[in-house]
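A.B. asks: Build me a model:
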Amino acid sequence: MHNNHKAVRYNRWGYIFVIPFLVVFVIFQLIPLVRTIYNSFFENYMSGLSHIGPTFVQFGNYVKLFSSGDIWKYFGNTMIMWVMCFVPQLFFSLLLGAWFSDEMLRLKGKRFFKTVIYLPNLIMASAFAMLFFTLFSDGGPINSILVGMHVIDQPYKFFSHVGSTRGLIAFMNFLMWFGNTTILLMAGMMGIDTSLFEAASVDGATSTQIFFKVTLPLLRPILVYVLITSLIGGLQLFDVPQILTNGSGDPMRSSMTMIMYLNKHLYSKNYGMAGALSVFLFVITGVLSVIVFKLVGSDNKE
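C.D. replies: Presented below is the predicted three-dimensional model:
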């Protein structure tokens, strides 16, 4: 009886330490989420200087959101740019992680290179976007170099072509985040028991076979985490394309993302439509995360 009372007193401290997180979560996440869902059922916007609403319209905002067809175009834009960023990010992160975590290679200056590849993650996205906007503008250094080397006859309009605009956005996000992904995957690789690699080598497995048959399967939990967090970050892509295209999503709205579309509704004070779009983002993020977890994270046991 005495031990049970002591355990209850000890467990009480766990609840006390959890209270600050719960308070912050309720105030800054749960309440805004509930209010967003609530606002999505109301017509509430500014028309000139007059305020319309709030008027309860049930699912009217959702009908208007999906009937226009723009939502699917912007969702497609967002996913395309995320894939263009994530695929090379995962490839280089796995490659660098395998190199830096392999003790047999005896690479020198590991700490220096780890720091260097992580540094872009510390740079503000707005500063990064302004730098690339200057570099790749019509009269910028990149065009001057290409024209001077006679690679092209006249300046190439990077921000007037769909492929180059999406490519620059994906490349910037790749540079900013592949260092973070590399560190995560490297930590996972260093946590693998080295005796497994030694046993595979004794059995005659090549480096490629060891990587695909031993390293990758044991990295599955980290890969699932990286994939889901990257997917969530990709769906929230905003700052780089917003600054790079001045919020227009040009050319022809091909770089307009879901959050940029949401920002336009907030800027015009159309809180009902913004709420409906936020709820759609919440649902689609949850659905995609569950699909990724089921496909990649589940163990295929016979």
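A.B. asks: For Gln58, see how far away Tyr38 is.
C.D. replies: As judged by Cβ to Cβ, to the nearest Å, Tyr38 and Gln58 stand 13 Å apart. C-beta: built from backbone N, CA, C; applies to glycine.
A.B. asks: and Gln236, what does it touch?
C.D. replies: Ile259 (Cβ atoms under 8 Å, 6 or more residues apart in numbering).
A.B. asks: repeat for the one 5 residues further on
C.D. replies: By Cβ under 8 Å, 6+ apart, the contact list for Pro241 reads 81, 169, 249, 255-257, 260.
A.B. asks: cool, Ile192 as well?
C.D. replies: By Cβ under 8 Å, 6+ apart, the residues touching Ile192 are 214-215, 218-219.
A.B. asks: Just among those residues, which is most surrounded?
C.D. replies: Thr215 (22 neighbours; other Cβ atoms under 10 Å).
A.B. asks: Helix or strand: which one has the residue most central in space within the chain?
C.D. replies: With distances taken as Cα atoms, centre = their mean, Gly233 lies nearest the centre of the chain, 2.1 Å away. Assigned by DSSP states H and E, Gly233 belongs to helix 220-235.
A.B. asks: Not counting that helix itself, show me its contacts.
C.D. replies: Helix 220-235 is contacted from outside by 78-79, 81-82, 85-86, 89-90, 93, 177, 181, 184-185, 187-188, 216, 258-259, 281, 284-285, 288-289, 292-293, 296-297, using Cβ under 8 Å, 6+ apart.
A.B. asks: Who are the contact partners of Ala276?
C.D. replies: Going by Cβ under 8 Å, 6+ apart, Ala276 touches 40, 61-62, 64-65.
A.B. asks: Tell me the spacing between it and Ser68.
C.D. replies: For Ala276, the distance to Ser68 - Cβ to Cβ - is 12 Å.
A.B. asks: sorry, back to before: which one of the contacts of Ile192 is nearest to Ile142?
C.D. replies: Leu219 (36.7 Å; Cβ to Cβ).
A.B. asks: The closest one is in contact with Met189, isn't it?
C.D. replies: Yes: using Cβ atoms under 8 Å, Leu219 and Met189 qualify as a contacting pair, with a distance of 6.7 Å.
A.B. asks: circling back: make JSON lines out of the contacts of Ile192 and add pLDDT and distance to Met124.
C.D. replies: Converted to JSON lines, these look like this (pLDDT from 0 to 100; distance: Cβ to Cβ, whole Å):
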{"residue": "Val214", "pLDDT": "88", "distance to Met124": "39"}
{"residue": "Thr215", "pLDDT": "88", "distance to Met124": "34"}
{"residue": "Leu218", "pLDDT": "90", "distance to Met124": "35"}
{"residue": "Leu219", "pLDDT": "91", "distance to Met124": "31"}
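A.B. asks: Mind picking the one among those that's closest to Tyr74?
C.D. replies: Distance to Tyr74 across the contacts of Ile192 (Cβ to Cβ) is lowest for Leu219, with 33.0 Å.
A.B. asks: residues touching the residue nearest to that closest one when sequence neighbours are not counted, list them.
C.D. replies: What sits nearest to Leu219 in space, not counting adjacent residues and going by Cβ to Cβ, 6 or more residues apart in numbering, is Gly188, at 5.0 Å. Contact analysis of Gly188 by Cβ under 8 Å, 6+ apart lists 97, 218-219, 221-222.
A.B. asks: tell me which element Met46 is part of?
C.D. replies: Applying DSSP H and E as the criterion places Met46 in strand 42-47.
A.B. asks: Can you show me the helices along the stretch 101-250 of the chain?
C.D. replies: Using DSSP state H, counting those that start in this stretch, the helices found in the stretch 101-250 of the chain span residues 110-118, 125-135, 141-148, 162-190, 194-202, 207-210, 216-218, 220-235, 239-244.
A.B. asks: looking at the ones you listed, which is closest to Phe21?
C.D. replies: Between Phe21 and these, the tightest spacing by Cβ to Cβ is seen for helix 220-235, at 19.2 Å.
A.B. asks: In that closest one, which residues are buried?
C.D. replies: Within helix 220-235, the residues that count as buried by 16 or more other Cβ atoms under 10 Å are 222-224, 226-228, 230-231, 234-235.
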